[in-house]
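1. Here is the input, now give the coordinates:
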Amino acid sequence: MAAAWTYSNSRLETPFLLESCCSKLTRKALLVIRQRQRKKYGISTCHLSNPKGGKYQINLEDGTKVWLNAESSLIFPEHFAADRRLVQVKGEAYFEVAESKHKPFIVAGNGFGIRVLGTKFNVSDRDNLHLAKVALLQGSVSLTSKAGHTMLKPGERAKISASGVQIDQFDAESEIAWKNNYFIYKDENIKTIMADVAQWYDAEVIFEGKDWDDVNLKMKVSRRENIEEILSLLELTKSVKFKIVERRIYVTKR
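-> Purely as a prediction, here's the structure:
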């Protein structure tokens, strides 16, 4: 593996308490927050965007905590409505929703919606994967999609695609590893692993050759490590090798 990577990224991981959409954020936050006014309805909304290589945690007005993964965005009102708490998410986010029996928390995704009262869950909705996932860690979730209505129990994950909704079990440590600043994979395909690496380190990954579907690997490493260390660990499996050219990573089989 050629060690030609020069990478420097400053990630702000300190919780940001939302007091106003106009709160000052520094460049180090690596995110964009915009305020939108809808004068006709008197609604002020905020658009929080996190680029590649960034992770952010925000506390909403009601006490709900949201962790936003790299290349993800969250749209939310400066003040929630009297009867509901509605937000929109794109990309990946982990929610710890403050309990409110008479004011449901609703997350709107691309073609699906999640309704809860107080719970902990992870949402992943990335355009390039054509698959959304909702993984419930605590509480209960009511999921609505084109396929109909689904209730999730703790330990269950819904995979939402054009063909419908599939329910399976998941490993919590792996599912929210990103929130805890780790890459954790337990028999995961190399393409999934490298998609996460590319997103975090803002790189382009190029697979050389075919038949990658059977290359599954295990790994646990901090996301604070430099990319050369990550790739070196993967090379220890004797399954793959890497070559770095500028910001491209070429992957070949051993």
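2. Report the distance from stretch 201-220 to the chain centre.
-> 19 Å (CA atoms, centre = their mean, to the nearest Å).
3. Residues contacting stretch 203-215, please?
-> 189-191, 194-195, 197-198, 227, 239-240, 247-253 (CB atoms under 8 Å, 6 or more residues apart in numbering). Every C-beta, even on glycine, is put in place using the N, C-alpha and C of the backbone.
4. Narrow those to those that are buried.
-> I190, M194, V197, A198, I227, V240, I249, Y250, V251 (16 or more other CB atoms under 10 Å).
5. Inside strands: which ones of these?
-> Among the buried ones among the contacts of stretch 203-215, the residues falling in strands (DSSP state E) are V240, I249, Y250, V251.
6. and G139, what does it touch?
-> V97, V116, L117, G118, T119, K120, F121, P154.
7. hmm, try it at 10 Å
-> E96, V97, E99, V116, L117, G118, T119, K120, F121, L152, K153, P154 (CB atoms under 10 Å, 6 or more residues apart in numbering).
8. Ok, S73 next?
-> Here S73 is in contact with L31, V32, H47, L48, S49, N50, P51, Q88, V89, K90, G91, A93 (criterion: CB under 10 Å, 6+ apart).
9. cool, and R223?
-> If you count contacts by CB under 10 Å, 6+ apart, R223 has them with 11, 53, 55, 70, 177-178, 180-183, 196-197, 200-201, 230.
10. Now restrict these to buried residues only.
-> Here, 16+ other CB under 10 Å leaves 11, 53, 55, 70, 177-178, 182-183, 196-197, 200-201, 230 buried among these.
11. that older thread, and the contacts of S73, which is closest to L143?
-> V89 (13.7 Å; CB to CB).
12. so where's the stretch 51-200 of the chain shaky on pLDDT?
-> 128-129 (pLDDT under 70).
13. And the helices in it, which stretches?
-> For the stretch 51-200 of the chain, helices defined by DSSP state H, counting those that start in this stretch occupy the ranges 172-175, 190-201.
14. Please spell out which residues along the first one are buried.
-> Along helix 172-175, the positions that meet the burial threshold by neighbour count (16+ other CB under 10 Å) are A172, S174, E175.
15. between these, which is nearest A147?
-> E175 (21.6 Å).
16. Not including adjacent chain positions, what is the nearest residue to the closest one?
-> A135 (4.9 Å; CB to CB, 6 or more residues apart in numbering).
17. which residues does V66 bridge with?
-> Beta-bridge pairing for V66 (DSSP bridges): I58, F95.
18. sorry, back to before: let me have the contacts of G139 in CSV, extended by distance to K220 and neighbour count.
-> Shown next, in CSV, are the contacts of G139 (distance: CB to CB, whole Å; neighbours: other CB atoms under 10 Å):
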residue, distance to K220, neighbour count
E96, 23, 18
V97, 28, 25
E99, 33, 14
V116, 30, 24
L117, 34, 18
G118, 31, 17
T119, 27, 19
K120, 22, 19
F121, 23, 27
L152, 26, 21
K153, 27, 10
P154, 23, 15
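19. Could you list the residues in contact with stretch 183-194?
-> By CB under 10 Å, 6+ apart, stretch 183-194 touches 129, 171, 173-178, 195-197, 200, 203, 205-207, 212-223, 225, 230-231, 233-234, 237, 239-240, 242, 249, 251, 253.
20. In strands only, show me those.
-> 205-207, 216-222, 240, 242, 249, 251, 253.
21. For those residues, which two are the farthest from each other?
-> Spanning the widest gap among these are S222 and K253, at 26.5 Å by CB to CB.
22. Distance to T64 added to the buried ones among the contacts of stretch 203-215, as CSV?
-> Written out in CSV, the entries for these read as follows (distance: CB to CB, whole Å):
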residue, distance to T64
I190, 35
M194, 32
V197, 30
A198, 30
I227, 33
V240, 40
I249, 36
Y250, 42
V251, 39
